[in-house]
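Trainee: below is the sequence, then the predicted model.
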Amino acid sequence: MATFQYKARDKFGKSIKGLMSADSESAIAQKLNKMEYAPIAIKEIKEQPAAGKLFSAFRGVGFIDLNMFTRQLSSLQKAGVPLLSGLNAIREQTANTTLKDIVGQMVRDIEAGASLSTALKNHPRVFNPLYVNMIKSGETGGTLEQSLERLVVLGEHEEKVRLRIKAATRYPIIVVAAITIGFLVLTTLVVPRFAQIYDQFTVALPLPTRILLWINFVITKFFVALFLIVAVSVALFHKVTHIEKGRYWWDTLKLKVPVFGPLLLKLIMSRFARITGTLIRSGVPILQVLDLASGGAGNAVVARTIDDIKKSVNEGKGMSKPMQATKMFTPIVVQMVAIGEETGKLDELLLHVSDYYDLEIEYTLNNLTALIEPLLILILGVIVLFMALGIFLPIWNLMNVLK
């Protein structure tokens, strides 16, 4: 299914622009006609290259914006505000122009007879299948308010995990960036000046200084080549990890990295349990739950494993035995799923599993931060010592020569 940009006129002659997903331009035209819009122009939006995506991300709808939209819509539904009135109120209040346009389009779709889930589905770049299906389940069962509340909980949980990871990695990133910048400044600006002074004397440069000068030579003489090598490597890596086999290889490798691999697996288990438990509680059929959980796993290896479990469930088997056979899911997840299937409390136990792993993630991140900080200090000390020797040893040797 492709995304199309269209321009049309409503029955009052007002010009309308928006985005809509369908299989073809004719399907878009049919949708517009059903909504009593007269199509003027329909154009498919081609998939952007990586650079385009990088810059367009700043103009899109961020995770925080989406969470705020969900919170506002949930609060308005709790207060008994009609859906269209609530959406119009959100549109007036939001500062994100992209989201404002999308909400405006949703209002027009609903006014033309579309359901909220259908209106959301027309914007797949903002509202993923998990979001749309939870809303659809709420509409079908008359529990839209509860579905929105669960989406708020899911969004807040994801946001909390992301912020915790950012907080844990902020200090190491700052230290590494400072070390890199300081090292480059030293090797490209400071050390070459000592080399010019030493050229006037017949004294060999100390080893640390020669190493720094060699690094300076490589950077200054082969800067363009180094830049091209790095750029091509990044582009090639991006290309490889965005094809099925390459992504599977990369996701497998990430799970095997010491320390970070087990942490990543805990994050995946928590997300799987939270999504699956929430969807089951919302009344979504189990096969559809597994489809959505596979798409939301965030790891190709785990996604393929969930697809295998879905095949077993489709054959009338339970989830716990196929999960145990894959050896991907942790024992606690397998045990809780088995107990949940026996007691009929699968959703409740899965949410408990997610809470358990949230605590485990918090504990692991705290320990990881406590481990990384002294390690970074040690590395920083070694690098500073090396750079100091590279600068001061020539000065001491030069003073001895002058004496």
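Mentor: Thanks, I have the structure now. Numbers count the residues shown, from 1 in each chain.
Trainee: hey, C-alpha coordinates of stretch 389-403 in PDB?
Mentor: Only the C-alpha atoms of stretch 389-403 are listed here, as PDB (Å, rounded to 0.1, in the frame of the first residue of the first chain):
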ATOM      1  CA  LEU A 389      53.500  12.800  27.200                       C
ATOM      2  CA  GLY A 390      53.300  13.600  23.500                       C
ATOM      3  CA  ILE A 391      53.400  17.300  24.300                       C
ATOM      4  CA  PHE A 392      55.700  17.600  27.300                       C
ATOM      5  CA  LEU A 393      58.300  15.000  26.500                       C
ATOM      6  CA  PRO A 394      59.600  17.000  23.500                       C
ATOM      7  CA  ILE A 395      59.700  20.100  25.800                       C
ATOM      8  CA  TRP A 396      61.800  18.300  28.400                       C
ATOM      9  CA  ASN A 397      64.100  16.800  25.700                       C
ATOM     10  CA  LEU A 398      64.500  20.300  24.100                       C
ATOM     11  CA  MET A 399      65.400  21.800  27.400                       C
ATOM     12  CA  ASN A 400      68.100  19.200  27.900                       C
ATOM     13  CA  VAL A 401      69.500  19.900  24.300                       C
ATOM     14  CA  LEU A 402      69.600  23.700  25.000                       C
ATOM     15  CA  LYS A 403      71.500  23.100  28.300                       C
END
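Trainee: that one: which residues count as buried?
Mentor: 389-391, 393-394, 397-398 (16 or more other Cβ atoms under 10 Å). Backbone N, C-alpha and C define where each C-beta goes, glycine included.
Trainee: do the same with stretch 207-223
Mentor: Applying 16+ other Cβ under 10 Å to stretch 207-223 flags 208-209, 211-213, 215-216 as buried.
Trainee: picking that back up, okay, the buried residues of stretch 389-403 in JSON lines with pLDDT next?
Mentor: Formatted as JSON lines, the buried residues of stretch 389-403 follow (pLDDT from 0 to 100):
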{"residue": "Leu389", "pLDDT": "84"}
{"residue": "Gly390", "pLDDT": "78"}
{"residue": "Ile391", "pLDDT": "77"}
{"residue": "Leu393", "pLDDT": "80"}
{"residue": "Pro394", "pLDDT": "75"}
{"residue": "Asn397", "pLDDT": "73"}
{"residue": "Leu398", "pLDDT": "70"}
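Trainee: restricted to helices, list the residues you listed.
Mentor: 389-391, 393-394, 397-398 (DSSP state H).
Trainee: the bottom helix or strand of the chain by mean pLDDT?
Mentor: Sorted by mean pLDDT, DSSP states H and E, the helices and strands of the chain end with helix 50-56, the least confident at a mean of 35.
Trainee: who does the helix or strand encompassing Lys160 touch, helix- and strand-wise?
Mentor: Element membership for Lys160, per DSSP states H and E: helix 144-185. In terms of contacts (3 or more Cβ pairs under 8 Å, 6 or more residues apart in numbering; DSSP states H and E), helix 144-185 is packed against helix 63-78, helix 129-141, helix 260-281, helix 346-402.
Trainee: what mean pLDDT does stretch 307-321 get?
Mentor: For stretch 307-321, mean pLDDT is 87.
Trainee: scratch that, stretch 278-291 is what I was asking about
Mentor: 87.
Trainee: now do the buried residues in it.
Mentor: 278-284, 289-291.
Trainee: still on that earlier bit, which one of the ones in helices among the buried residues of stretch 389-403 sits closest to Ala29?
Mentor: Gly390 (69.3 Å; Cβ to Cβ).
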